[in-house]
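Asks: Return a 3D structure for these sequence lines:
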Amino acid sequence: MVAAAFAVMFFAYGLQFSFGVIATGMGEDLGWSRAQTALPYSVYVFLYSALSAVTGHATDRFGPRAVIGAGALIIGIGWGGSALVTQPWHLMASLGVIAAIGMSVAWVPCNATVARWFTRRRGTAVAIASTGASLGNFLGPALTALMMQAWGWRIALAALALVSAVAILIASRFMLRDPESFGQWPDGDEVSPAPHLLGAGLRVRELWKDLRFLLVIIIYFFTWLAIFVPFMHAPAHAGDLGLGDLVGASLLSAIGIGGMVGRLFTGSVSDRFGRAPTLLSICLLQALSFLLFAVLQDVAGLWLAALVFGVSYGGGVVLLPALCGDLFGRAHVASVVGVIFAVAGAPAAFGPWFAGWLYDISGHYQGAFLFSAAMNACAFLFTLLLAWHLHRRARREAGT
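Replies: Below you'll find the predicted structure:
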């Protein structure tokens, strides 16, 4: 399960995170502004995040194999069609709508399925699976930049779309809903230590009055509001500083390196020290990364900012499925994670567009990076509130 989820996220996110490189060549070739190339991407982020509530529910009902397999075909059509665009509305349709529908099958179905297969080592398992996205983030942009230099952005994008769609379709065949359906127990145990808990879990409709659920949504709303700004604009920021296209692509790869470190360490650290304390550290690191982007202007400084951002970004996404599994149970975890991803993640679509708009009116990205740092400071404050609430709840339950 971990290997299959790793493969799906490697190809899906390797393709997605390469768009910052593609967008630079696309905008120059077609004469589009930064905001014009960013807007379809923002719609893409909004739609695939919003649809995660649907694909999460579908995963609980039909299983991940069918959901991810169907999404693989749509990913190929959407991203491949983006290689043919000549007008902004073409990109809005191919990337903003079709590719977004396909991409909604990647993160929530994969991570929620892995969370369902583990209890004791849930954080570590989700971390390893999610590292596929960071490895794709590391390799995809650099490979895309080389392909663009050799073939141009259209052929490079078409080739990436085809290979990714086929690979995701193959990996989907190995995704199975839960261990009980195949006579196994979570974590590979031969005997379940608590068989009466295996089917336990709160439904989404029961959670809207639960303060824990609402706080998780608020925390991820603030931290994700700026999450796609570096992926979309870091290459262009490097270009504006005169550092070149390959340096810009390398920043996305640096985010991927940091993401791999953040995902792997965050899973095991949160298993040992708790999800809330780990999430507090992640919010602080992410705020710091945006401050570094705003003030550092050489290659080494931008690499440092990208690495710190990657560590915090990767750690944050790893924590969500594990946190939901811990707080709300295994039975409906895909639906729960899907709703949180939809409600908190969909507004992240406006981050890249807003950053592009700020650039167009100011001529630089400092304002966008400072705004992103402020959003993560807000996430930190609400994480403090969640930690306090969980501590009080634990004390009450211990007392009874």
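Asks: all helices for the stretch 151-300 of the chain, in order.
Replies: Here the stretch 151-300 of the chain has its helices, by DSSP state H, counting those that start in this stretch, at 153-172, 211-224, 229-240, 245-273, 275-295, 299-328.
Asks: how many neighbours does residue 87 have?
Replies: Neighbour count for residue 87, taken as other CB atoms under 10 Å: 10. No exception for glycine: its C-beta is placed from N, CA and C like everyone else's.
Asks: Enumerate every residue touching it.
Replies: Neighbouring residues of residue 87 by CB atoms under 8 Å, 6 or more residues apart in numbering: there are none.
Asks: which one of the helices of the stretch 151-300 of the chain lies closest to residue 387?
Replies: helix 275-295 (4.0 Å; CB to CB).
Asks: tell me what the closest one is packed against?
Replies: Judged by 3 or more CB pairs under 8 Å, 6 or more residues apart in numbering; DSSP states H and E, helix 275-295 is in contact with helix 211-224, helix 229-240, helix 245-273, helix 299-328, helix 366-399.
Asks: buried set for the longest one?
Replies: Yep, that's helix 366-399 we're talking about. 368-369, 371-373, 375-376, 378-380, 382-383, 386-387, 390 (16 or more other CB atoms under 10 Å).
Asks: Could you find the closest non-adjacent residue to residue 49?
Replies: residue 345 (3.4 Å; CB to CB, 6 or more residues apart in numbering).
Asks: same deal with residue 170?
Replies: residue 7 (7.9 Å).
Asks: same check, this time on residue 128
Replies: Nearest to residue 128 is residue 2, by CB to CB, 6+ apart, at 5.4 Å.
Asks: dump the residue contacts of the one you found.
Replies: Residues counted as contacts of residue 2 (CB under 8 Å, 6+ apart) are 114, 125, 128, 129.
Asks: Against residue 111, how distant is it?
Replies: 11 Å (CB to CB, to the nearest Å).
Asks: Residue 356 is nearest to which of the helices and strands packed on helix 275-295?
Replies: Using CB to CB, the helices and strands packed on helix 275-295 put helix 229-240 closest to residue 356, at 7.0 Å.
Asks: Can I get the closest one in CSV? Just the C-alpha atoms.
Replies: Only the C-alpha atoms of helix 229-240 are listed here, as CSV (Å, rounded to 0.1, in the frame of the first residue of the first chain):
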residue,chain,number,x,y,z
VAL,A,229,3.0,30.6,-4.0
PRO,A,230,6.6,29.3,-4.1
PHE,A,231,5.7,26.5,-6.6
MET,A,232,4.1,29.0,-9.0
HIS,A,233,6.4,32.0,-8.6
ALA,A,234,9.8,31.0,-7.2
PRO,A,235,11.2,30.3,-10.7
ALA,A,236,10.0,33.6,-12.0
HIS,A,237,11.4,35.3,-8.8
ALA,A,238,14.8,33.8,-9.5
GLY,A,239,14.6,35.0,-13.1
ASP,A,240,13.7,38.6,-12.0
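Asks: That helix vs helix 366-399, what angle?
Replies: 160 degrees (axes from the mean of the first three to the mean of the last three CA atoms, to 10 degrees).
Asks: centre of the chain versus helix 229-240, how much separation?
Replies: 18 Å (CA atoms, centre = their mean, to the nearest Å).
Asks: Low-confidence bits of the chain, can you list those?
Replies: Across the chain, the ranges flagged by pLDDT under 70 are 190-202, 399-400.
Asks: any idea which residue sits dead centre in it?
Replies: residue 317 (6.1 Å; CA atoms, centre = their mean).
Asks: show me what contacts that residue?
Replies: 107, 111, 130, 133, 263.
Asks: ok, now with 7 Å
Replies: Listed by CB atoms under 7 Å, 6 or more residues apart in numbering, the contact set of residue 317 reads residue 130.
Asks: measure residue 212 to residue 237 for me?
Replies: 37 Å.
Asks: So these two - more neighbours on which side?
Replies: residue 237 (24 against 16).
Asks: my guess is that one meets residue 365, correct?
Replies: Yes - with contacts counted by CB atoms under 7 Å, residue 237 reaches residue 365, the gap being 4.9 Å.
Asks: shared neighbours, residue 2 and residue 111?
Replies: Common neighbours of residue 2 and residue 111 (CB under 7 Å, 6+ apart) are residue 129.
Asks: Next, the angle helix 229-240 makes with the host helix or strand of residue 8.
Replies: Using DSSP states H and E, residue 8 sits within helix 2-16. Using the same axes, to 10 degrees, the inter-axis angle of helix 2-16 relative to helix 229-240 is 40 degrees.
Asks: hmm, who's touching whichever strand or helix holds residue 345?
Replies: In the assignment (DSSP H and E), residue 345 maps to helix 333-345. Residues from elsewhere that reach helix 333-345 (CB under 7 Å, 6+ apart): 49-50, 52-53, 55-57, 59-60, 107-109, 111-113, 115-116, 201, 204, 207, 216-217, 220-221, 224, 320-321, 324-325, 328.
Asks: Quick one: closest of the helices of the stretch 151-300 of the chain to residue 35.
Replies: Residue 35 lies closest, by CB to CB, to one member of those: helix 229-240, at 10.8 Å.
Asks: Now do that closest one and helix 299-328, the angle between them.
Replies: Orientation of helix 229-240 against helix 299-328 (the same axes, to 10 degrees) gives an angle of 180 degrees.
Asks: Relative to residue 233, how far out is residue 226?
Replies: Distance from residue 226 to residue 233, by CB to CB: 11 Å.
Asks: Check residue 348 too.
Replies: From residue 348 to residue 233 the distance is 14 Å (CB to CB).
Asks: more neighbours, those two?
Replies: Taking neighbours as other CB under 10 Å, residue 348 and residue 233 compare with residue 233 leading, 26 against 22.
Asks: Quickly note the distance from the residue lying closest to that one once chain neighbours are set aside to residue 125.
Replies: Nearest residue to residue 233, sequence neighbours excluded (CB to CB, 6+ apart): residue 355, at 5.3 Å. The spacing between residue 355 and residue 125, counted by CB to CB, is 34 Å.
Asks: The two: which has the busier surroundings?
Replies: Just comparing residue 355 and residue 125: by other CB under 10 Å the higher neighbour count belongs to residue 355, 28 against 25.
Asks: List the contacts of that one.
Replies: Residue 355 neighbours (CB under 7 Å, 6+ apart): 229, 233, 365, 368.
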